[in-house]
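Peer 1: any chance you can model this:
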Amino acid sequence: MTDEPQAGASVPPDLKFAHYRVLRRSDGSTWELGRGSMGVTYKAFDSCGSTWR
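Peer 2: This is a model prediction of the structure:
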């Protein structure tokens, strides 16, 4: 799965996990904070608590 925008594609849909919405940069790419053997960490918004994670 790729969440990077394709050339000529429209704005990608929001990525959501439970009540978190993954934030995107101005170019539409996901805002990746880190990467390791257990997975990838993204900057996200907590829609239930209205806090940044």
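
Peer 1: can you tell me the closest non-neighbouring residue to the most centrally placed residue in the chain?
Peer 2: Nearest to the mean C-alpha position of the chain, counting by Cα atoms, centre = their mean, stands Val22 at 3.1 Å. The shortest distance from Val22 to any non-neighbouring residue, by Cβ to Cβ, 6 or more residues apart in numbering, is to Leu15 (3.9 Å). Every C-beta, even on glycine, is put in place using the N, C-alpha and C of the backbone.

Peer 1: give me phi/psi at that neighbour?
Peer 2: Here is the backbone geometry of Leu15 (degrees, to the nearest 10): phi -100, psi 130.

Peer 1: quick one on the thing from earlier: which residues does the residue nearest to the centre of the chain contact?
Peer 2: Neighbouring residues of Val22 by Cβ atoms under 8 Å, 6 or more residues apart in numbering: 14-16, 30-31, 42-44.

Peer 1: most neighbours among the residues you listed, please name it.
Peer 2: With neighbours taken as other Cβ atoms under 10 Å, the top of those is Ala44, carrying 21 neighbours.

Peer 1: any idea how far the closest residue to that one other than its chain neighbours is from Gly49?
Peer 2: Nearest residue to Ala44 in three dimensions, chain neighbours excluded: Tyr20, at 4.2 Å (Cβ to Cβ, 6+ apart). Using Cβ to Cβ, to the nearest Å, Tyr20 is found at 10 Å from Gly49.

Peer 1: looking at these two, which has the bigger crowd around it?
Peer 2: Neighbours per residue, other Cβ under 10 Å: of Tyr20 and Gly49, the larger number sits with Tyr20, 16 against 10.

Peer 1: how about the strands in this structure?
Peer 2: 15-17, 20-22, 32-36, 39-42, 44-46, 51-52 (DSSP state E).

Peer 1: can you list the strands that the fifth one pairs with?
Peer 2: Looking at strand 44-46 with DSSP bridges, its partner strands are strand 20-22 (antiparallel), strand 51-52 (antiparallel).

Peer 1: lowest average pLDDT across these?
Peer 2: Lowest mean pLDDT within the strands paired with strand 44-46: strand 51-52, at a mean of 56.
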